[in-house]
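Peer 1: mind folding the following:
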Amino acid sequence: MESTTVNVRGIDIHFNRYNNGAKERIVLLHGFTGSTNTWNEVISFLPNTFDILTIDLIGHGVTSKPMDSTRYAVEEQIADLHALFHQLKWSNFTLIGYSMGGRLALSYASQYPVDRLILESSSPGITEIEQRLNRKQSDELLADRILNEGLTSFVHFWEGIPLFYTQRQLSLETQQQIREERLAGSEIGLANSLRGFGTGVQPSYWHKLEEINTPTFLLTGELDEKFSKLAKKMKKYLPNVAHMEIRDVGHAIHVENPELFATIVKDIILKEDVK
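Peer 2: Next comes the predicted model:
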């Protein structure tokens with residue numbers, strides 16, 4: 001594994017690369033409070049024929065955490081990714097995103113070509129104005145909470161929200177690893193991620209779904225009703241799509257069953273290659 005930090009559009013972006021030069025290229029984008037570490041177990045189950053890039057998104061991991069929240073906007077992050085791929089001379093890859101990273105992956109694929117798009121528990125945003133305003137307000141309050149009460153208090157709150165109830169069934173060791181990854185975050189990075197790239201401020205991409213011809217795979221957990229319903233709705237608009245609902249897992253499939261998640265990714269890529 002190569003761990004590298006490069007300057008892209010005025011910020012330092014950290015990424016890890018595995019199996020440099022292998023035939024099949026994949027990019028993995030983590031969710032809110034995550035980092036490149038979130039993919040470690042999944043990667044251990046993927047074949048060494050995959051050239052894998054995991055990226056710390058702005059405000060997370062080792063990547064820069066600017067004080068200006070507008071630098072976290074989706075348009076800025078799309079430009080960051082594209083500049084990074086250009087710098088690395090990367091093209092023809094599968095783009096995989098989880099939750100917040102899935103929103104970014106979808107946004108990127110609406111502007112630039114990728115071979116395949118795999119979205120885990122993701123959304124194209126919110127269309128209704130009132131819902132967007134309410135979500136923006138709640139994200140602002142959460143950002144204030146992070147800055148005023150500190151990271152430990154926030155992580156205690158965050159790991160207790162209903163979205164992550166199913167993670168209480170994981171081993172204590174795994175739960176502690178997830179907690180440590182969240183505690184390694186940055187208050188200003190997480191707060192500005194909410195303010196600049198929360199679902200309430202991100203433009204809705206629902207109207208762009210019909211234009212995305214990339215083979216798209218929507219993965220949701222059976223126990224995550226909200227995002228399973230969203231995926232079924234997205235399926236009606238995406239022209240080249242499949243939806244897989246995974247049994248006995250919730251929002252973070254790659255955490256709750258990393259081996260199965262890796263197998264699904266591998267099967268998607270290898271079966272597509274045969275076509």
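
Peer 1: can I assume T214 sits in a strand?
Peer 2: No: counting by DSSP: H, G, I helix; E, B strand; the rest coil, T214 is not part of a strand but coil.

Peer 1: contacts only, for it.
Peer 2: A109, P113, V114, D115, R116, L117, N240 (Cβ atoms under 8 Å, 6 or more residues apart in numbering). All C-beta spots, glycine's among them, are computed from the backbone N, C-alpha and C.

Peer 1: most neighbours among those residues, which one?
Peer 2: Counting neighbours by other Cβ atoms under 10 Å, L117 leads the contacts of T214 with 25 neighbours.

Peer 1: got phi/psi on it?
Peer 2: The phi/psi pair for L117 (degrees, to the nearest 10) reads phi -130, psi 120.

Peer 1: tell me the pLDDT at it?
Peer 2: Note on L117: pLDDT of 98.

Peer 1: isn't it right next to P215, touching?
Peer 2: Yes: if you go by Cβ atoms under 8 Å, L117 and P215 touch, sitting 7.1 Å apart.

Peer 1: right, and N48 touches A22 too?
Peer 2: Yes: the pair N48 and A22 qualifies as a contact (Cβ under 8 Å) at a distance of 6.5 Å.

Peer 1: more neighbours: which of these two?
Peer 2: A22 (14 against 9).

Peer 1: any weak-confidence spans in the stretch 1-150 of the chain?
Peer 2: Within the stretch 1-150 of the chain, no stretch has pLDDT under 70.

Peer 1: helices along that one, start to end?
Peer 2: 40-44, 74-88, 100-109, 129-149 (DSSP state H, counting those that start in this stretch).

Peer 1: just name the most buried of those helices.
Peer 2: helix 100-109 (a mean of 25; mean count of other Cβ atoms under 10 Å).

Peer 1: quick one on the thing from earlier: out of the contacts of T214, who's nearest N92?
Peer 2: D115 (5.5 Å; Cβ to Cβ).

Peer 1: tell me the bridge partners for the closest residue to I55 other than its chain neighbours.
Peer 2: Excluding its sequence neighbours, the residue lying closest to I55 (Cβ to Cβ, 6 or more residues apart in numbering) is F15, at 4.5 Å. Beta-bridge partners recorded for F15 (DSSP bridges): T4, I55.
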